[in-house]
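Peer 1: Give me a 3D structure for the following:
(one chain, ligands or ions: 2)
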Amino acid sequence: MTDRVIPLPLHHDGIALLLKATAFAAEKHRSQRRKDSAASPYINHPIALADLLANAGGVADVDVLCAALLHDTIEDTDTTPQELRNEFGARIEMIVAEVTDDKALPKDVRKQLQVERAPYASPEAKLVKLADKICNLRDMVEAPPHGWSGQRKREYFEWAARVVDGLRGAHPYLEQVFDEQYSRGLLEIG
Ligand code: NDP
Ligand code: ZN
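Peer 2: Ligands and ions are numbered 1, 2, ... in the order given. Below you'll find the model as predicted:
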């Protein structure tokens, strides 16, 4: 009898699923840029969330890491929830859906809803939200949106802190990272 390699189904392999989510998000965000003056590739941002969760936060739940990689696909690209469900399963789709704003609503309403709904999000969605706010505060200091005044950055910091206050308990260490980023960032913005 000859030796045969029987491949595992890809979904049973966390590394393969992470790479699939990375490639999917890169393709979906391929023509988008961040708002910094260098117009960095958008995909750097979802990768930064997954990196932070895994390597600073010690999060080992592959579905949460995939949801971090995919967190802006429904909101900012033509990706549908059904597409995520087909490609990545219902759990990842639900986490991404939870962190997706309804763009049909005015911006101030969307911002207010994030504050009000944060306490009721699932533990998985809270982790993705927390990582999103940490990464965005870091970007606000190191590579801020082009043309933003100090006042506008400070308003963003205050709003992000209100959202994070609603999800405290999700990951105390990363909340501490947020708090440090918040205090240091405000000093640097001046
Ligand atoms: P936006 O939601 O338009 O912009 C911030 C979002 O942009 C982030 O949440 C992030 O979202 C994304 N983003 C892209 N590139 C970057 C980057 N380099 N750094 C950080 N984030 C980036 O913010 P608002 O227009 O709502 O402004 C924030 C605050 O400023 C509000 O509270 C608003 O009231 C106030 N404001 C003040 C004005 C002023 O002139 N004083 C004018 C208008 C608003 P994601 O993670 O989804 O990519
Ligand atoms: Zn984001």
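Peer 1: What residue in the protein comes nearest to ligand 2?
Peer 2: In the chain, no residue comes nearer to ligand 2 than Asp132, which is 4.4 Å away by Cβ to the ion. The C-beta positions use only the backbone N, C-alpha and C, and glycine is treated the same way.
Peer 1: part of a helix, is that residue?
Peer 2: Yes. When DSSP: H, G, I helix; E, B strand; the rest coil is applied, Asp132 is found to be in a helix.
Peer 1: what are the ranges of the helices in the protein?
Peer 2: Remark: helices assigned in the chain by DSSP state H are 14-28, 44-51, 62-69, 73-76, 81-88, 90-98, 107-117, 123-142, 150-165, 172-189.
Peer 1: Need the winner for burial among these.
Peer 2: Taking mean count of other Cβ atoms under 10 Å as the contact definition, the stretch among the helices of the chain with the greatest mean neighbour count is helix 62-69, which reaches a mean of 26.
Peer 1: Show me what from this structure comes close to ligand 1.
Peer 2: By Cβ under 6 Å from any ligand atom, the part of the chain that sits against ligand 1 consists of 34-36, 45, 72, 107, 111, 132, 136, 139-140, 143-145, 149, 151-152, 155-156, 159.
Peer 1: re the thing from before, just put the helices of the chain in TSV and tack on distance to Asp3 and mean pLDDT.
Peer 2: Conversion of the helices of the chain to TSV gives the following (distance: least, Cβ to Cβ, whole Å; pLDDT from 0 to 100):
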stretch	distance to Asp3	mean pLDDT
helix 14-28	22	96
helix 44-51	36	98
helix 62-69	29	98
helix 73-76	40	98
helix 81-88	32	98
helix 90-98	35	98
helix 107-117	54	98
helix 123-142	40	98
helix 150-165	53	98
helix 172-189	45	97
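Peer 1: about what we covered before: what distance do you get for the spatially closest residue to the residue of the chain closest to ligand 2 that is not a sequence neighbour to Gly14?
Peer 2: By the measure of Cβ to Cβ, 6 or more residues apart in numbering, the closest residue to Asp132 outside its immediate chain neighbours is Leu49, 6.0 Å from it. Distance from Leu49 to Gly14, counting by Cβ to Cβ, to the nearest Å: 17 Å.
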